[in-house]
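*Asks:* Curious how this folds, go ahead:
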Amino acid sequence: MNVLTINGTDKIPRINFNPESGKMEIQGRSIPENSILFYEPLKDWLNLYSENPKQLTEVHFKLEYFNTSSSKDILELMKIFNKIYKAGYNVAINWYYEKDDEEMLEAGSDYESILKLPFNMVECEDIS
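*Replies:* From the prediction side, this is the model:
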């Protein structure tokens with residue numbers, strides 16, 4: 001399996017999914033014109049990874065902002081991580097949010113309550 005890397009722009013997040021280390025990172029803004037088109041290859045890659053994941057999959061969500069259509073696709077990614085977790089592997093979701101960004105903190109808490117995955121809420125000064 002190859003590393004999945006996508007350079008971020010002002011509309012799409014930077015993606016770095018590394019199957020060898022088990023580290024996955026999504027960073028930036030997610031407001032693509034077509035979120036399904038953007039996130040579909042990520043879901044496909046993660047589904048393939050889920051067939052033979054590392055013992056620990058470490059996920060870093062460092063999103064400054066995401067729109068409503070992206071939120072559904074982010075949930076779909078989380079469901080794949082949940083599938084890995086339910087198969088007996090360790091999955092650590094690190095949800096970064098800027099200090100005083102209550103909406104992003106709440107979004108992470110909402111995902112955590114829906115999926116019952118172990119989340120680490122990480123407050124930081126600047127995500128970018």
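*Asks:* The residue lying closest to residue 33 once chain neighbours are set aside in helix, strand or coil?
*Replies:* What sits nearest to residue 33 in space, not counting adjacent residues and going by Cβ to Cβ, 6 or more residues apart in numbering, is residue 11, at 7.2 Å. C-beta coordinates here come from the backbone N, C-alpha and C atoms, glycine included. When classified by DSSP: H, G, I helix; E, B strand; the rest coil, residue 11 comes out as coil.
*Asks:* Give me the number of neighbouring residues for residue 11.
*Replies:* For residue 11, the neighbour count with other Cβ atoms under 10 Å is 13.
*Asks:* With residue 120 as the reference, measure out to it.
*Replies:* Residue 11 sits 27 Å away from residue 120, going by Cβ to Cβ, to the nearest Å.
*Asks:* thinking again about what came up before, which ones are touching the residue nearest to residue 33?
*Replies:* 29, 30, 31, 32, 33 (Cβ atoms under 8 Å, 6 or more residues apart in numbering).
*Asks:* Can you turn the buried subset of those residues into a selection I can paste into PyMOL?
*Replies:* Buried residues within the contacts of residue 11, by 16 or more other Cβ atoms under 10 Å, are selected in PyMOL with:
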select buried, resi 29+30+31+32
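*Asks:* can you list the weak-confidence ranges in this protein?
*Replies:* 128 (pLDDT under 70).
*Asks:* Show the residue spans covered by the helices in it.
*Replies:* 35-50, 68-86, 102-115 (DSSP state H).
*Asks:* Show me how far the longest one is from its chain's centre.
*Replies:* For helix 68-86, the separation from the chain centroid amounts to 8 Å (computed by Cα atoms, centre = their mean, to the nearest Å).
*Asks:* Can you spell out which residues form a bridge with the spatially most central residue of the chain?
*Replies:* With distances taken as Cα atoms, centre = their mean, residue 61 lies nearest the centre of the chain, 4.7 Å away. Judged by DSSP bridges, the bridge partners of residue 61 are residue 26, residue 95.
*Asks:* Let me see the contact set for residue 87.
*Replies:* Counting by Cβ under 8 Å, 6+ apart, residue 87 has contacts 50, 53.
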